Structures are given as structure tokens and as C-alpha cells.
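Engineer: following is a predicted model, sequence given first.
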There are 2 protein chains.
Amino acid sequence: MPFDPEPQIRRHRSADVTLTVTENGVPAAGREMVVAQRNHEFLFGCTGFEFIPLANGELPAEPATGPGGGPGSLGEAEAGPVERLAERWLDLFNFATLPFYWGRFEPTRGRPDTARLRETARWFADRGCVVKGHPLAWHTVSAEWLTELSNPEIVEAQTARIRRESADFAGLIDMWDVINEVVIMPIFDKYDNGLTRICREMGRIPMIRMVFDAAREANPQATLLLNDFDMSAAYECLIEGVLEAGITIDALGLQSHMHQGYWGEEKTLAVLDRFSRYGLPIHFTETTILSGQLMPAGIEDLNDYQVSEWPSTPEGEERQADEIVRHYRTLLSHPSVRAMTYWGIADGGWLGAPGGFVRTDGTPKPSYEALHALVKGDWWLPPTTYRTDDRGQLRFTAFLGEYELTAAGRTTTFQLNSPGTASVEVEV
Amino acid sequence: MPFDPEPQIRRHRSADVTLTVTENGVPAAGREMVVAQRNHEFLFGCTGFEFIPLANGELPAEPATGPGGGPGSLGEAEAGPVERLAERWLDLFNFATLPFYWGRFEPTRGRPDTARLRETARWFADRGCVVKGHPLAWHTVSAEWLTELSNPEIVEAQTARIRRESADFAGLIDMWDVINEVVIMPIFDKYDNGLTRICREMGRIPMIRMVFDAAREANPQATLLLNDFDMSAAYECLIEGVLEAGITIDALGLQSHMHQGYWGEEKTLAVLDRFSRYGLPIHFTETTILSGQLMPAGIEDLNDYQVSEWPSTPEGEERQADEIVRHYRTLLSHPSVRAMTYWGIADGGWLGAPGGFVRTDGTPKPSYEALHALVKGDWWLPPTTYRTDDRGQLRFTAFLGEYELTAAGRTTTFQLNSPGTASVEVEV
């Protein structure tokens, strides 16, 4: 029998609500009211890298239009392609990952890109999104100037960098992929870099302790993640060592770039089974599912795959839409999963792969519509009119998240945070 | 330039000795003396499973001889095939691994095979060998009756078993593969077993702590190994977690069954580089190099490969001899390696593979002669006559190990334990 995630999704993600409405402390009996969902509790995430120029007012004042609009232009007068993309993004996601790759964030030592990232984080926060920074420590795209330092100096620079970003963004960014890919970090041998040097010298667990301590100290409110692409027993062993060493991890990040093919429900559930053993929240931090040709299975480092053109195809788009739906449903069926970040809404991102929900011409793929039909359809309560009973109560079943109740022109909000039966009292 | 291990072998394995010989406290000047090596410090090991019947007097009192001798008989009156094999074994190795697979050692609860194993351990010890027991905890070939117990009962049975064997064999077996293949233990899913159950529940590191504590408590003198086949970052992560947790590991066991092909120097040195970072002695615990067809590369669990016949071939035997020499030389070139255990002197062992140094008909392969030419040839000082100088001194360079000096019919022994320059005083 094929896996049916629906019962588990309902069980772990929705609440059977009895809403008791009062007005001036008295039950508002026999009244028509509108309940509407405002947001999901589940973090439906995506990278937001491409909106940095938009958030910082760096786009041309008037979008190029007409025949001279250049590639990518949609020829619309009122909104450029980035604005259109942003609209689509915000209609689907409530959780943004912003780039803090050290080598790009601070290519020249002492000149970090703090202001632009703060503007971008604020832009997302103003639109109701949770914002995560990615990553604070990683051997890839680390600052090149680190290699001119001694190991103690690299350690000092790394911890200072973490304290700086954690503090500078506190309140806007309270969630961080603190350290990325530690399983491979000390044995990474593709090129010399400062992070591999110190991780090899100090060991993985002391390295993790150091960067988590720095992040925790600078922003005690933050949710701090360990993030890795290695889904083997290696990551399990690392996690067990970290937990035995008494280091507090707030959530486990599992990457899941599927350029070589969708994992399928069985593998996904097996991964969840293995990594949920630690009782920690799980975030799927980096997911890609292609709508074009798959990368050959033999390639171990996805960066090794270089093609001049990697088109999205009609068959690929149908497959992607199906796999997207299956994957999101599988994840939501497991109670440990608290977040799912898709790695790029539009095609042409990392590796040039057709991994987005939106084509390079700005049009949405079937996967966009399919995911939207879950996030804002099956799993969403649109404005719905109810009539309260004699005790001022109304009942409905809905997904966890933020809701608003509108009665007689007045709107109030409430949260559904726990699955199961919920009794909520609201004063209108 | 190809890797030349010789300078490192000399550097890490041999000593330039100045031997000062006295007689009644006076320098024995101008005297002829014979120096001869008795043993290697390096542990050249092999499994000794097949000698349990021999050590216990369980073989037929008179070996079958002549045409009616049956298969495997060499037709010799004075020694049967097992005795011949034992002679070859003892001429090459100084370190025996004996089987303590729980499911075979104690198939019926409360009836362990202690007496036979003690006899066998004593048989090897009497012949100058160090003896190691393998393993005290493993999910494979664990006792089937464990599956009828509750998890707390399995924990109690496992630790009691370790304490029992450690104490019963102390003095004869002071070296143990305490726990085997922990990387995969909690996620092993081929069949239900008691060890996977408790490891999954308690976690890898607490499991390791528990079994090491039990072994250490019962025999504080023992050398205790963690042993695994997983040469990936997973084992590194496990080791780092174990060390961070404050668990003392006396040596790291690295399995290296090469049924799918010899690793080659590059991979071997890379593995040594990664696993020597912890400053722990390294034992190559289980090595197999074939003299027949290789197992296809795609097979992940070697046990999945089943063939009715797996012959040793002339070309395979030449290849094996070459690879054996290269592998032993590579290992001895690295100072962290203290032991190398070959997995079965004779063909027809695990999986029926042609992995031995001796064919099923009892004749030695080229690999036997080649390894012998190192262990008892290039790396060995045969009885050699020297003349002491005016100060009673003589000089020689030799491999670390045990030596004897014979002068005027009297023999005394001495040890070379440290590489480099050594000054040794001997009274004859």
C-alpha cells in the first residue's frame, strides 16, 4: 500500500478548534463572523538572495519595458520581473534564508555588507517572514584573507565574525545556520581555506562548541542550527558526539539538494527516522528538485557538474510538480520537521539548474501552482463565515498558524500552536 | 615519483644499536658473539580460529595418511595438514586473533566455550604470541537468545559477558576488540538483534562507554580497541565524539577487507593520515587481499556476494604477492601503525574467498613467500656473528623486537623498543 501522509499531516499540523468569542466579556451568541488564516506555523521557506537589490532600492527606478527591455523583461510598466518574482515568493513562503557567505559578505576584511543585508532582512520581516542567516562558518566561500592568518588568528576572526553578525542582526535575524558541513570540513581537500585548517587542528566538536558559544553569547534568543548535506551515519555520529559533549543545538539542518533525482518517500522517511532520534526539531534547509534532466548519479560533489545549458522541460516540469507535492506532504507528515527551505524560487540559480518554481522568463511552473494549492489551498483556511452558537462558540479545523477573526468590522487575531483539540477564547 | 616507504620504515621500525657487553662487570673485549632476532615488536597478526581443535587435542590421534587419508590430507605420517598450517602460521606471525562471537561462544545462555578458548589462547601464548579476542560486542553473530530479553536485560547480559570474558582470560588475552562496527550498529536493519536494539536506544557513545567501562573494570591491564570497517568521515566523527566524551580508547582498529581490490598506497596513506590525527595507535585489524577474481565494486555488504566456487588463480597469486608486499610496507612506513592482522592464513575462510597465504591444498602461495621474505628476511636479523671492540662494544642496525646474544655458549636476551640510536648494555 502506498504511503498516505494525510492522516499524519492532519494529526501533527492541524487543530480542532473551539473558538469562544466574547464581546465586553459576554458571549457573542448567534453572530456571523469570518475566520481567516494569516500565516502558517510551519516555516515554508526559500532563499531570498535575489531580492537584496530590490530591498535596497538598487533596481532601476523605472523597469525597462518594451522591445528594448532586454532579456528577462516582462514588458510591464508597473512592475519589473524582480517585483513580480517577489510577489510570487511572498504568496508562497513565510521564511527567508539570506546569504552570509563570509567571502562575499566581507571580501575585504573590515568591510562587511551589513547595511544591505539588514535592509533585506527588514524587508522580509516587514512582510511577515521569519529570516534565517546562512551560514556563519563554512569552509566553502570563506573569506580568502583568512588564509593569510595564523590558526589562532583565524579562530579569533571566525568567532568575532559570528559575534558581530549575531549582534548586528539580533531582532531581525534570530535564526542561523551556525556552521555548515562539519562532517567534511577537516578533511576537505579541494583547496586550502582557513576553516578547514582550524577544524583539522581543533577537531570537529571543539569547533562546533566554539562557533555555537559565540553565536549564543551574542544573541541568546537565536535558534541555532547545525547544517549538513551528509545524510549518512557520519552526520549521526557527529550529532551524537556534539550532544554527548553537552553542546545545545536548537535544530538539525538537513540539506537535500536532489539534482540527481527525488529521494522518494521511503528514503525521506528513513532519513527522518534516523535523525529524529535525537528529539531535536528538524529543518530541511536546502532542497532542490529539478524540472529538467537529472545530474548523473556518479557525481559526488554537485559542483563538479558543469553544463552550458540546463533547460526546464515540459515532462520535467510535470515530474517536478508531482515530486514537490509528494516531498512536502512527506515532510509535513513527520512531527519533527519544523521548516522546509527550498533552494531558489527561480531557475538559473546554483549550477544553472532548472530547480526553481518559476522559469527564467518569470512564468510559474506547475510546481509553483501545485505547492501553492497545498500551502494556500488544502492546508489553508481562507476567509470563512461561521455563526456562533448560543454560548458564543464556533468550531473549525485548521492548520497551525496565525488567524484573524472579523466580526462587525472589528478584527482580532489568535494563534493555533498545538495540534489536537484547542479551546481558544477571543474578545472582539 | 612512486612512493618509497623504505626510508620511513627504517626510521620508524629500526634502531642503530651500540651493544656494550660485559662479563662479570668487565667489558668483554675482542670476543666473537652471535646476535639473533627472536621476535618483532610490530604485531604481525593473523586469525587463529582454525587451530582451536589442534590446541584442544581434538584432532584424530593419528592423522589420516595414504590413499584413504581423505580430502585435505597431505599424506604425511608425522604431521597432518593442520599441524603443517600451524607451522607456517607460527613462522610468519606473532599475534593471534581468536573468535569470541557471542552467538558461537555462548549459543546456549550460561554455557560459554571458555575452556576451549583458554586452551587455544594458551597454545598461542606458549609459542610467543600476543593474543587478542574478537569481539566482545557486535550486532552480527550476537547471541540469538538476546532477542528474547528486554533492553535492560540485554544491557545487563552484555556487560556481564564482557566482564566475564575479560576476567576469565586476563593474563592470556590482554587485548580485545571491545566493540565492533558501532558506526552502523544502531541503524543496522538486515535482521533484528539485541545489540542494535540497545545501541539505538542508548546511542553510540553511551554504548561504547558502557562496554569499555566493563572491559576496563574487569581487566585494567588490557589494551582495548574500537574496531570498524567504515573508513569514511563517519568513523572519524564517532572517534571524535568518543574522545570528547572522555572515553579512553587504547588503539583504533581499522578493518580493511579488500575483496573488491587492493586499496593502493595512496588510499592507504590517506586513511592513515586521517585516522592518525587522534594520536592513538592504529591496528589494521582485518585485512584480506585476494589471489583470485575480485568481488564486483557495487556490492556494499560483502556478505551479499555468494559464489559456489572462488578459485585462486596463478595471475591472482602474483598480483596478491605484489599487493601484500606493498601493503605491509606502506603500513610499516607509518609510525602510528602498531599491528596488522591478516584475516585467515588459508583459503576458503570467510565467503570462501581466495584470500589466504596458503591454498586449500596446504601449499603456500607466492604471497606467503613474499611476506616471509620481509618479516623473516629484509626486516629480520638472523643469527649474525660480531666481534666486540676494545670496549666490549659491537654495532648493528636491526628492527625493533626481542633479541638474543650468545657468547661462549651462554645466551642472554635484550629488547629494542625505540627507533633511532640505542645504547644497550648486556651482561653475558
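Structural biologist: Cool, the structure landed.
Engineer: check which helix or strand the residue in chain A that chain B sits nearest to maps to.
Structural biologist: Chain A approaches chain B most closely through A:Gly241 (2.1 Å), counting by Cβ to the nearest Cβ. Using the backbone N, CA and C atoms, a C-beta is placed for each residue, glycine as well. Using DSSP states H and E, the element containing A:Gly241 is helix A:233-244.
Engineer: mind saving the C-alpha coords of that helix as PDB?
Structural biologist: Once non-C-alpha atoms are left out, helix A:233-244 reads as follows in PDB (Å, rounded to 0.1, in the frame of the first residue of the first chain):
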ATOM      1  CA  ALA A 233      25.800   7.700   9.600                       C
ATOM      2  CA  ALA A 234      28.600  10.200   9.700                       C
ATOM      3  CA  TYR A 235      26.300  13.100  10.500                       C
ATOM      4  CA  GLU A 236      24.500  10.900  13.100                       C
ATOM      5  CA  CYS A 237      27.900  10.200  14.700                       C
ATOM      6  CA  LEU A 238      28.700  13.900  14.700                       C
ATOM      7  CA  ILE A 239      25.400  14.800  16.200                       C
ATOM      8  CA  GLU A 240      25.800  12.200  18.900                       C
ATOM      9  CA  GLY A 241      29.200  13.400  19.800                       C
ATOM     10  CA  VAL A 242      28.100  17.000  19.900                       C
ATOM     11  CA  LEU A 243      25.100  16.200  22.200                       C
ATOM     12  CA  GLU A 244      27.300  14.000  24.400                       C
END
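Engineer: what is that helix packed up against?
Structural biologist: helix A:204-218, strand A:223-228, helix A:264-275, helix B:204-218, helix B:233-244 (3 or more Cβ pairs under 8 Å, 6 or more residues apart in numbering or on different chains; DSSP states H and E).
Engineer: the fourth one and chain A in contact?
Structural biologist: Yes: residues of helix B:204-218 are located near chain A by Cβ under 8 Å from any Cβ of the partner chain, namely B:Arg204, B:Ile205, B:Pro206.
Engineer: do you know how far the last one is from A:Leu85?
Structural biologist: By that I understand B:Pro206. Computed as Cβ to Cβ, to the nearest Å, the B:Pro206 to A:Leu85 distance reads 49 Å.
Engineer: so for these two, which residue has more residues nearby?
Structural biologist: Neighbours of B:Pro206 and A:Leu85, each counted by other Cβ atoms under 10 Å in any protein chain shown, are more numerous for A:Leu85; the result is 21 against 16.
Engineer: elements contacting the helix or strand hosting that one?
Structural biologist: Using DSSP H and E, the element containing A:Leu85 is helix A:81-92. Here helix A:81-92 touches strand A:43-47, helix A:52-55, helix A:366-373, going by 3+ Cβ pairs under 8 Å, 6+ apart.
Engineer: so which of the ones you listed is the most packed in?
Structural biologist: Highest mean neighbour count among those (mean count of other Cβ atoms under 10 Å in any protein chain shown): strand A:43-47, with a mean of 23.
Engineer: A:Asn39 - that's part of a strand, no?
Structural biologist: Yes: A:Asn39: assigned to a strand according to DSSP: H, G, I helix; E, B strand; the rest coil.
Engineer: including pLDDT, could the residues of helix B:204-218 next to chain A go into JSON lines?
Structural biologist: Shown next, in JSON lines, are the residues of helix B:204-218 next to chain A (pLDDT from 0 to 100):
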{"residue": "B:Arg204", "pLDDT": "98"}
{"residue": "B:Ile205", "pLDDT": "98"}
{"residue": "B:Pro206", "pLDDT": "98"}
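Engineer: closest one of the residues you listed to A:Ala137?
Structural biologist: Closest approach to A:Ala137 among those (Cβ to Cβ): B:Ile205, at 23.7 Å.
Engineer: residues contacting the helix or strand where A:Ala321 lies, please?
Structural biologist: Using DSSP H and E, A:Ala321 sits in helix A:314-332. Contacts to helix A:314-332, defined as Cβ atoms under 8 Å, 6 or more residues apart in numbering or on different chains, come from residues A:3, A:5-6, A:9, A:12-13, A:42, A:258, A:262-265, A:268-269, A:272, A:284, A:287, A:289-293, A:337, A:340, A:354, A:357, A:365-367, A:369-371, A:374, A:379.
Engineer: just stretch A:290-300 next, same as before
Structural biologist: Counting by Cβ under 8 Å, 6+ apart, A:258-261, A:302, A:305, A:310-313, A:316-317, A:319-320, A:347, A:353-356, A:365, A:367 sit against stretch A:290-300.
Engineer: one more: stretch A:6-24?
Structural biologist: The list of residues contacting stretch A:6-24 from outside it, by Cβ under 8 Å, 6+ apart, reads A:27-28, A:31, A:33, A:35, A:42, A:329, A:332-335, A:379, A:388, A:391-400, A:405, A:407, A:414, A:416, A:418-428.
Engineer: now, which of those residues lie within strands?
Structural biologist: In strands, defined here by DSSP state E, the members of the contacts of stretch A:6-24 are A:27, A:33, A:35, A:393-399, A:405, A:407, A:414, A:416, A:420-427.
Engineer: about what we covered before: with mean pLDDT added, can I get the helices and strands packed on helix A:81-92 in CSV?
Structural biologist: Conversion of these to CSV gives the following (pLDDT from 0 to 100):
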stretch, mean pLDDT
strand A:43-47, 98
helix A:52-55, 97
helix A:366-373, 98
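Engineer: so which of the ones you listed comes closest to A:Arg216?
Structural biologist: With distances scored as Cβ to Cβ, the stretch of the helices and strands packed on helix A:81-92 nearest to A:Arg216 is strand A:43-47 (20.8 Å).
Engineer: could you check the angle helix A:366-373 makes with that closest one?
Structural biologist: On the basis of axes from the mean of the first three to the mean of the last three Cα atoms, to 10 degrees, strand A:43-47 is oriented at 150 degrees to helix A:366-373.
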